[in-house]
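Peer 1: 3D, please:
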Amino acid sequence: MTGIMVGSSMGFLGGLLAENHTWNYVFIIFGVVGVAYSILVAFILRDPPKNAEEAVQVKSENQVNFFSGVGDLFRKRAFLLMLGYWGLLGVVGWLVVGWLPTYYKEHFALSQGVAGLYATGYLYPASIAGLLFGGFIADRWSRTHRLARIHVPAIGLCIAAPSIFLASGTNILPVAIIAFMLYSFTRSFGDSNMMPMLCMVADPKYRATGYGILNFFSTIIGGIALYAGGVLRDMDINLSRIYQFAALIIIICASFLFMARPKQKSEAE
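Peer 2: The predicted structure is shown next:
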């Protein structure tokens, strides 16, 4: 997850390359690198070795069917709550990332370049710190609290919501920057704990399927929200109002997590 954040923060390199070459030059370069890397990984990435008896047992117990997996996941209340949480959080994440440079530019009368720097140069380092801190705290707390990996992101969102609300209402640039950084820091607790949360809910056979469904839903909803933000902008709705609405969505996300209480293994059996 920190790798994604580091890569996103270096997105300006694409603009620099496009200025000196064609617009699709950077896509070709990184596309070739990605294909080469995938071939390398295909040869060197392997599951740990198993003895023959164990391999036969695992094979018989781990027959995977996509539709059975989807049905199993959607029968779990905790998974549905996490799906709602992850989808709505995608709305907030895409709205913030997509429109933050515009918000800085218009609300504080900044140049396009400075607004872009403030939108990425402060936000992504805070996200990286939040990923590491949220994972560390959840791991430590989970030794004494079974739902720590769910409650750490929920608590983080309870801090992120007033932070983004403050950032959307202030006319003091340093306050807005710090508030958006605090939002980014605490919102990232969920990114580092999403797979651990899913592992508490999903059958081990369908964890990857569950993660795919979560990300599919979040991406679709987030993309629609980004488009909706543009429609609202065309209707002369101020970005401050849009971000205040995002703060309300964050509270709903936190509520979903607090309601998610996966059964312990003994209870499920």
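
Peer 1: tell me which residue is most central in this structure.
Peer 2: Closest to where the C-alpha atoms of the chain average out (CA atoms, centre = their mean) is Asp191, at 4.8 Å.

Peer 1: wait, doesn't that one sit right on Phe133?
Peer 2: No - in this structure, Asp191 sits apart from Phe133 without contact. The criterion is CB atoms under 8 Å, and the distance is 11.6 Å. All C-beta atoms are positioned from the backbone trio N, CA, C, and that covers glycine.

Peer 1: give the residues shared as contacts by these two.
Peer 2: With contacts taken as CB atoms under 8 Å, 6 or more residues apart in numbering, Asp191 and Phe133 have no neighbour in common.

Peer 1: which ones are touching Val231?
Peer 2: Under the criterion of CB under 8 Å, 6+ apart, Val231 has no contact partners.

Peer 1: which helix or strand contains it?
Peer 2: Using DSSP states H and E, Val231 sits in helix 207-234.

Peer 1: likewise Thr186?
Peer 2: In this structure, Thr186 sits in helix 173-187 according to DSSP H and E.

Peer 1: sorry, back to before: per-residue confidence at the residue nearest to the centre of the chain?
Peer 2: Looking at Asp191, its pLDDT is 92.

Peer 1: distance of it relative to Ala167?
Peer 2: Distance check for Asp191 against Ala167: by CB to CB, to the nearest Å, it reads 20 Å.

Peer 1: and for Ile251?
Peer 2: Ile251 sits 15 Å away from Ala167, going by CB to CB.

Peer 1: likewise Arg261?
Peer 2: Remark: distance between Arg261 and Ala167 (CB to CB) = 32 Å.

Peer 1: between the two, which is the more surrounded one?
Peer 2: Each of Arg261 and Ala167 had its neighbours counted (other CB atoms under 10 Å), and the higher figure belongs to Ala167 (25 against 13).

Peer 1: list the contacts of the more buried one.
Peer 2: When contacts are counted by CB under 8 Å, 6+ apart, Ala167 touches 175-176, 179-180, 183, 243.

Peer 1: which PyMOL command selects the buried ones in these?
Peer 2: Buried members of the contacts of Ala167 can be picked out in PyMOL with the line below, counting by 16 or more other CB atoms under 10 Å:
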select buried, resi 176+179+180+183+243
